[in-house]
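Trainee: Everything below, folded, please.
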Amino acid sequence: TVLPKFNIDLVVALLRQENAKDICVIQLSPEIKYCDYFIIVSGFSTRHLHAMANYMLKMYKHLKEEGGPHTQIEGKETDDWLCIDFG
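Mentor: This next block holds a predicted model:
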């Protein structure tokens, strides 16, 4: 089975599938070496935000290439924001 590559298009598709609101993709300047994109989304509730973040992390772990960057969710203790760095 050929799995889809975890890229910006797949991330947006997965977020839409999870009913993310206000999806905003920001492509950063090539001079910025540590990051290609920021994706900012809203959720309907704290529970929805956490569910989306956990789902995205699960999908990344399932689809990442062997030896791919380690990820984690920042802001788990908060009610109003989360951040995932996919490396």
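
Trainee: CA only for contacts and neighbour counts going forward, please
Mentor: Will do.

Trainee: Distance of M59 relative to F38?
Mentor: To F38, M59 is 18 Å away according to Cα to Cα, to the nearest Å.

Trainee: same check, this time on Q72
Mentor: From Q72 to F38 the distance is 16 Å (Cα to Cα).

Trainee: What about W81, how many residues nearby?
Mentor: 15 (other Cα atoms under 10 Å).

Trainee: avg pLDDT for the longest helix along the chain?
Mentor: Counting by DSSP state H, the longest helix found in the chain is helix 46-63. Regarding helix 46-63, the rounded mean pLDDT is 93.

Trainee: Please name every helix or strand in contact with it.
Mentor: For helix 46-63, the packing partners by 3 or more Cα pairs under 8 Å, 6 or more residues apart in numbering; DSSP states H and E come out as helix 8-17.

Trainee: What's the mean pLDDT across the helix it packs on?
Mentor: 95.

Trainee: which strands and helices sit next to that helix?
Mentor: Secondary-structure packing of helix 8-17 (3+ Cα pairs under 8 Å, 6+ apart): helix 46-63.

Trainee: Can you list the strands that whichever helix or strand comes after the helix it packs on pairs with?
Mentor: As assigned by DSSP states H and E, the chain's next helix or strand after helix 46-63 is strand 73-74. Neighbouring strands of strand 73-74 in its sheet, by DSSP bridges, are strand 83-84 (antiparallel).
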